[in-house]
Structures are given as structure tokens and as C-alpha cells.
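Participant: Kindly generate the corresponding structure for this input.
(2 chains)
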Amino acid sequence: DTAVSQTPKYLVTQMGNDKSIKCEQNLGHDTMYWYKQDSKKFLKIMFSYNNKELIINETVPNRFSPKSPDKAHLNLHINSLELGDSAVYFCASSLGQGTVGYTFGSGTRLTVV
Amino acid sequence: GENVEQHPSTLSVQEGDSAVIKCTYSDSASNYFPWYKQELGKRPQLIIDIRSNVGEKKDQRIAVTLNKTAKHFSLHITETQPEDSAVYFCAARYSSASKIIFGSGTRLSIRP
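Facilitator: A predicted model of the protein is given here:
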């Protein structure tokens, strides 16, 4: 039973395309996140949702649009993909927004060619 | 601003020796400091965390210390083993926005 699952694991696509990454957690957590990890391994927060409500929206291009249909799912849609979007995208979840650790998904390696 | 600095960026130690990774944070109201281990090609995994009302926490070979006055916290791994080789991230929870900011990572290599 995977606690936080992301699909797809790998995604190779051409510049200009639109793609989506899906995330689901079965931990009963109420807060979910998207992080981007670039080639230098920096982990940077992009978005956070609590009970389907957007609570964190970092300075991310508006080509990135998260959607949370319910508190167990957080998807990421990316329009007009650019070379610089190539990275590993990690979904994570937590119970509440307080002093608790995150459980990460296995990541989606996005390569834009 | 929201910042967590982590040093060193790479660390190589002899198997059996200790490893120390240090971090500093800028928000004096930060109250939660987790550490994550990321093995090659895998997800970051929480290995230990400390809250601001505690100065030190230990779990077997891993310990974390927190100096709130200096806004420093450190990870100590004793009796290192080959399976300790990974990238380690410190992080701090910024209370103003309820988000966790990660340090830039330390690549730890254990020499046999």
C-alpha cells in the first residue's frame, strides 16, 4: 500500500505541450503539497492545499495550475511546457499544517525536450 | 526572508566515523525542524525532527541539536555505515506561512 502515490513516474514531452501529474494519498492527511527538485537537488515548494483550499502559492508561473478535487488528491497541470520545467516533481502530504513532517511521493521525473 | 542555509554541500567520512551537518534559519518564530534523507533516485524520507521547545533529540545513531538563540540546528550521525550514504536535507517550518523550507542538501558519502 503506497501512502503517497504519483503518476506518471517518468514523463518525457516536447516543448509547448500540456501535461498533468496526479497525486493521491491514503493516509487520511488533510494537507498536500507540490515541491520541485531541480538538477542541483534544491527542493522548492510550489503549492499547498488544505482540505481542498489553496493556502500556499509560491511565485510559480501561471502555466502551472494545481487542482484538488478532494483532500486525498492533488493534481498538477502544466501548460506550454518549457525546457526549464525539466525537474523531479514531488507530491507530499501531512496531517495539519503545524509541527508535523511530510510524507513524500516517489516523484515524477519530467523531461522537456 | 525565508531562508535555510545548510553546510557542507558535500561530506565524505570514513566508515565508523561521525558526520555532522549544520543549518541556520532566519525566522526566529520557526518552531519545527525536520531532517530528511534522500537516497539516489528515491523520495525524501523523514529521519528525525525536533521542535523548538527541545534542545536535543536522539534516535539510535542519529541526533539533532537546536540552538534557538543562534538559530542553528545540526544533525549528528555516529558510527556511520555505508547505507548512510545519501543526500540529507534540513528544513524549518516558517510560522508565518505554515510551510517548510528546505536547505540546499548535503551529499554524504561513507568511505569503506
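
Participant: For the closest residue to residue A:32 other than its chain neighbours, give me its contacts.
Facilitator: Once its chain neighbours are removed from consideration, residue A:32 has its nearest residue in residue A:74; the separation is 4.0 Å (C-beta to C-beta, 6 or more residues apart in numbering or on different chains). In short, each C-beta sits where N, CA and C put it, glycine included. Under the criterion of C-beta atoms under 8 Å, 6 or more residues apart in numbering or on different chains, the neighbours of residue A:74 are A:23, A:32, A:33, A:34, A:47, A:49, A:66, A:67, A:68, A:91.

Participant: Which pair of those residues spans the longest distance?
Facilitator: Considering C-beta to C-beta, no two members of those lie farther apart than A:33 and A:67, which are separated by 13.9 Å.

Participant: Looking at these two, which is more packed in?
Facilitator: Relative neighbour count places residue A:33 above the other of residue A:33 and residue A:67, with 26 against 15, counting by other C-beta atoms under 10 Å in any protein chain shown.

Participant: need the next SSE after the helix or strand bottoming out on mean pLDDT in chain A, C-terminal direction.
Facilitator: Within chain A, confidence by mean pLDDT, DSSP states H and E is lowest for strand A:53-57 among all helices and strands, at a mean of 87. Elements were assigned by DSSP states H and E; along the chain past strand A:53-57, the next helix or strand is strand A:64-70.

Participant: could you dump that following strand to PDB, C-alpha only?
Facilitator: Extracted in PDB, the C-alpha atoms of strand A:64-70 (Å, rounded to 0.1, in the frame of the first residue of the first chain):
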ATOM      1  CA  PHE A  64       1.300  25.700 -13.500                       C
ATOM      2  CA  SER A  65      -2.200  25.100 -12.200                       C
ATOM      3  CA  PRO A  66      -2.900  22.800  -9.200                       C
ATOM      4  CA  LYS A  67      -6.300  21.200  -8.600                       C
ATOM      5  CA  SER A  68      -7.500  19.400  -5.600                       C
ATOM      6  CA  PRO A  69     -10.800  17.600  -6.200                       C
ATOM      7  CA  ASP A  70     -10.800  16.300  -2.600                       C
END
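
Participant: what's across from the residue nearest the centre of chain A in the sheet?
Facilitator: Centrality entry for chain A: nearest residue to the mean C-alpha point is residue A:34, 3.1 Å, by C-alpha atoms, centre = their mean. Listed beta-bridge partners, residue A:34: residue A:47, residue A:91 (assigned using DSSP bridges).

Participant: All set, thanks.
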